[in-house]
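[1] what would the 3D arrangement of this be:
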Amino acid sequence: MAIRASVFIAASLDGYIARTDGGIDWLGSGDGAEDYGYSEFFDLVDVLVVGRNSYEKVLSFPEWPYGEKKVVVLTSRPLSVPAGREGIISSSAEAPEILLNRLGAEGVKRVYVDGGVTIQRFLSAGAIDDLTITWIPVLLGTGIPLFGPTGRDIFLRHVRTRAFPNGYVQSTYEVESPVPVTQS
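    Residues are numbered from 1 along each chain as shown. Coordinates of the predicted model:
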């Protein structure tokens, strides 16, 4: 079985995943009791691959949200790892397909890709298999975009859409014909 790379993210209706300064305060408008399928998704993931900026944002949270799940931070700079997390957090400057091939060779079956630039890099490389996007009914006007230039058209196949009572709308898509990542 080949490794699967998935995105599970929230975005404003105008396509931003954070404010220009990285702020995500606008995400707190949900009902609090619903996790919109995140826990179920996260339970199926072996490794989280996250960009440096997203990692730094997560470090500012009161609690580490990923438990003992392995996390690979994409960065070319030295990485500060909190005490007690040395065995689960690592860094990499590898290209998406090389990283996925390495993780696949290590037995990883599913990767959660997070962070705006990281998602864009993986999409451009043809290394994303599916995306679940929860659209939050707010217009930010400016911010960090979910999508950016890809260098080519990327066709998606709609899998499902769910609407929630608070106005959130979640759509899941499979990427048609992503570049295959083979295990070495």
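
[2] centroid residue for the protein?
    D114 (2.1 Å; C-alpha atoms, centre = their mean).

[3] that one pairs with what?
    V50 (DSSP bridges).

[4] and the helices in the protein?
    Ranges of helices within the chain are 38-43, 52-59, 96-105, 116-124, based on DSSP state H.

[5] make a markdown table from these and add mean pLDDT, mean neighbour count and distance to F164 to it.
    Glycine gets a C-beta too; all of them are placed from N, C-alpha and C. As requested, these are exported to a markdown table (pLDDT from 0 to 100; neighbours: other C-beta atoms under 10 Å; distance: least, C-beta to C-beta, whole Å):
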| stretch | mean pLDDT | mean neighbour count | distance to F164 |
| --- | --- | --- | --- |
| helix 38-43 | 95 | 12 | 13 |
| helix 52-59 | 92 | 18 | 24 |
| helix 96-105 | 96 | 20 | 31 |
| helix 116-124 | 93 | 21 | 22 |
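
[6] ok, which of those comes nearest E176?
    For the helices of the chain, proximity to E176 was assessed by C-beta to C-beta; helix 116-124 is nearest, at 12.4 Å.

[7] next, the angle helix 52-59 makes with that closest one.
    Put simply, helix 116-124 runs at 140 degrees to helix 52-59, going by axes from the mean of the first three to the mean of the last three C-alpha atoms, to 10 degrees.
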